[in-house]
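[1] Okay, here's the prediction I keep looking at, along with the sequence it came from:
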Amino acid sequence: MTIVDQQEEEVIVGSDDSHMIVSNIPYRAHNISGVLNKHSIIVAPADDSLKRDFGIYELFNANDPQTKYFAWFVRPDAPKKSAIETFLAHYEVIKNAEGDVHIPSLVAARPIKKFHFGMDNIQQSEHDADWRRPAMILKMPAHCVFLVAVRTLSPTASAPSWLALAVGYGLVNALNSLHEKGFIHRFVTPWNFMVPMPFTMDNITKKMIIMDLSLAKRWDPDSISDVSVRFSGTVKYSSLRALNFRTVGPADDLISVIFIVAELISGKIPWRSVSKFEKCIALRQKFAESIEFRRLPRELRKLYTDLCNTSPADCPAIDNVKEAFESALKRRDGDDWSIKPMPDWLEMPTE
């Protein structure tokens, strides 16, 4: 997979009476342009507010225009070591996930010799690329948006409890697919999952897509030991065990899901905007005493307690986890919860 080569290192874009005007395009991730595999055109960066080691780009495939494809490039400014680790974490999961509705399908994975950057209909080749950056082309089942849109589109930055529970249920299904393959995610946030459009209960609960696998790691219960480790994840949604620099397991991914549900219901979680580890740890320890915790359905309060007491060497019984969400949804909306229409503010066009 290569971006179409161009020989120019500078691009002449115009002139006046005295001299030629030369464009120097900034080497930034959002300016990457070109053609991949001879028939996939980079259309635009994905609408992603999170800065990652890689950039996500929407593609148009001339041979398959109805299917949604994305390119995944290591950012020009990403540190080489962490970028390679990120790429390998993704590749390790995706290469064996063909047909899994929760994980993008791998089309190609090869290094890029050099980038080409575009701006105002001008393209310019990268000067002296210092290394061949890894890249992937991924196929998506449909047009998707990041899960965080549920909060950003809400006029109150919160969601009805039934919708928050549906989001949690969808995250559980997506993470279970990963856990069954022998991996843990370790980076569960609304910015790392996508929902196919339009927003429906079916798309949210059954078709949630894991878009970022940067910290995914093989999980072998036979070799797990509760030892001190380097922190990996996000301070906002990681479990207390992760913040204490301890070995994590599948239960910690699911604890992050409960934090996301609590945030959707209340519009915030107790440690919002807190960045210091010590303060976050203290607030996590008192989460069960918070109003955000008390607003959770009793089924999720019990589930949270059970997950906190689960060893990183054990995988929670997925049927019990799903039952907690299903029971809370049924108790509120009966057996028709799965066909409940979306709130008006969440209605979006399919394209």
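    Cool, the structure landed. Numbering: from 1, shown residues only.

[2] what's the spacing between residue 334 and residue 312?
    Distance from residue 334 to residue 312, counting by C-beta to C-beta, to the nearest Å: 37 Å. For glycine as for every other residue, the C-beta is placed from the backbone atoms N, C-alpha and C.

[3] Buried residues, stretch 88-99. List them.
    Using 16 or more other C-beta atoms under 10 Å as the test for burial, stretch 88-99 gives 89, 90, 91, 92, 93, 94, 97.

[4] Now do it: distance to the chain's middle.
    15 Å (C-alpha atoms, centre = their mean, to the nearest Å).

[5] May I have that stretch as PDB, with CA atoms only?
    Extracted in PDB, the C-alpha atoms of stretch 88-99 (Å, rounded to 0.1, in the frame of the first residue of the first chain):
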ATOM      1  CA  LEU A  88       1.100  -3.900  16.700                       C
ATOM      2  CA  ALA A  89      -1.700  -3.800  19.300                       C
ATOM      3  CA  HIS A  90      -4.200  -3.100  16.700                       C
ATOM      4  CA  TYR A  91      -2.800  -5.600  14.200                       C
ATOM      5  CA  GLU A  92      -2.700  -8.400  16.700                       C
ATOM      6  CA  VAL A  93      -6.400  -8.100  17.300                       C
ATOM      7  CA  ILE A  94      -7.700  -7.100  13.800                       C
ATOM      8  CA  LYS A  95      -5.800  -9.700  11.800                       C
ATOM      9  CA  ASN A  96      -7.900 -12.500  13.300                       C
ATOM     10  CA  ALA A  97     -11.200 -10.700  13.600                       C
ATOM     11  CA  GLU A  98     -12.700 -11.100  10.100                       C
ATOM     12  CA  GLY A  99     -16.400 -11.200  10.300                       C
END
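
[6] Double-check residue 56 against residue 211; I have them as touching.
    Yes: in this structure residue 56 lies within contact range of residue 211 using C-beta atoms under 8 Å: 7.3 Å.

[7] Residue 334 and residue 312: which is more packed in?
    residue 312 (21 against 9; other C-beta atoms under 10 Å).

[8] Tell me the confidence at that one?
    As predicted, residue 312 sits at a pLDDT of 94.

[9] just residue 77 next, same as before
    So, for residue 77, pLDDT stands at 79.

[10] and if you look at residue 168?
    pLDDT, residue 168: 98.

[11] would it count as being in a helix?
    Yes: applying DSSP: H, G, I helix; E, B strand; the rest coil, one finds residue 168 inside a helix.

[12] Double-check residue 136 against residue 111; I have them as touching.
    No: shown here, residue 136 and residue 111 do not form a contact pair, counting by C-beta under 8 Å, at 10.6 Å.

[13] who has more neighbours, those two?
    residue 136 (22 against 13).

[14] Find the nearest non-adjacent residue to that one, please.
    The shortest distance from residue 136 to any non-neighbouring residue, by C-beta to C-beta, 6 or more residues apart in numbering, is to residue 72 (4.2 Å).

[15] these two touch, right, that neighbour and residue 59?
    No: applying C-beta under 8 Å, one finds residue 72 not in contact with residue 59, separated by 10.3 Å.
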